[in-house]
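Undergrad: my questions concern the predicted model and sequence given below.
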Amino acid sequence: MYVYIMTNKNNTTLYVGVTNDLVRRVYEHKNHLIDGFTNRYNLTKLVYYEVIDGEEQAIQREKDLKKFFKDYKKRIITEFNPQWNDLYSQISGGDY
């Protein structure tokens, strides 16, 4: 399972999600195949993810991250991905 954070090109809005297939899920966000928050705010850039053992643990981690203030989320993103690069090409094995 994966917990991940998406943002927009200006890194101003963050979305925390959970999935069992990170490549597929990010592809869906990037191609606006999902109605809702990420589509509405054009959140197409994967900037953070964690691999979590177990569905319950992943869902709990997602809930925990959603509770944290934006500054905390920005800090963990910066520690994981200092340049806030789009990580999709790294996880998908190709360019988008």
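TA: Received the coordinates, thanks. Source: prediction; values computed, not measured.
Undergrad: for residue 68, give me phi and psi.
TA: phi -70, psi 150 (degrees, to the nearest 10).
Undergrad: which helix runs longest in this structure?
TA: helix 55-67 (DSSP state H).
Undergrad: what sits up against whichever helix or strand comes after that one?
TA: Next along the chain after helix 55-67, taking DSSP states H and E as the criterion, comes helix 70-80. For helix 70-80, contacts defined as Cβ atoms under 8 Å, 6 or more residues apart in numbering pick out 5, 14, 16, 47, 48, 65, 84. Using the backbone N, CA and C atoms, a C-beta is placed for each residue, glycine as well.
Undergrad: sec struct for the fifth one, please.
TA: Spelled out, that is residue 48. strand (DSSP: H, G, I helix; E, B strand; the rest coil).
Undergrad: so what's it bridging to?
TA: Following DSSP bridges, residue 48 is listed with bridge partners residue 5.
Undergrad: hmm, it is touching residue 2, no?
TA: No: counting by Cβ atoms under 8 Å, residue 48 stays clear of residue 2, with 10.3 Å between them.
Undergrad: burial count for residue 67?
TA: Applying other Cβ atoms under 10 Å, we find 9 residues neighbouring residue 67.
Undergrad: distance check, it against residue 32.
TA: Distance, residue 67 to residue 32, by Cβ to Cβ, to the nearest Å: 27 Å.
Undergrad: go on, residue 83?
TA: For residue 83 relative to residue 32 (Cβ to Cβ), the value is 25 Å.
Undergrad: comparing these two, which shows the higher neighbour count?
TA: residue 32 (12 against 7).
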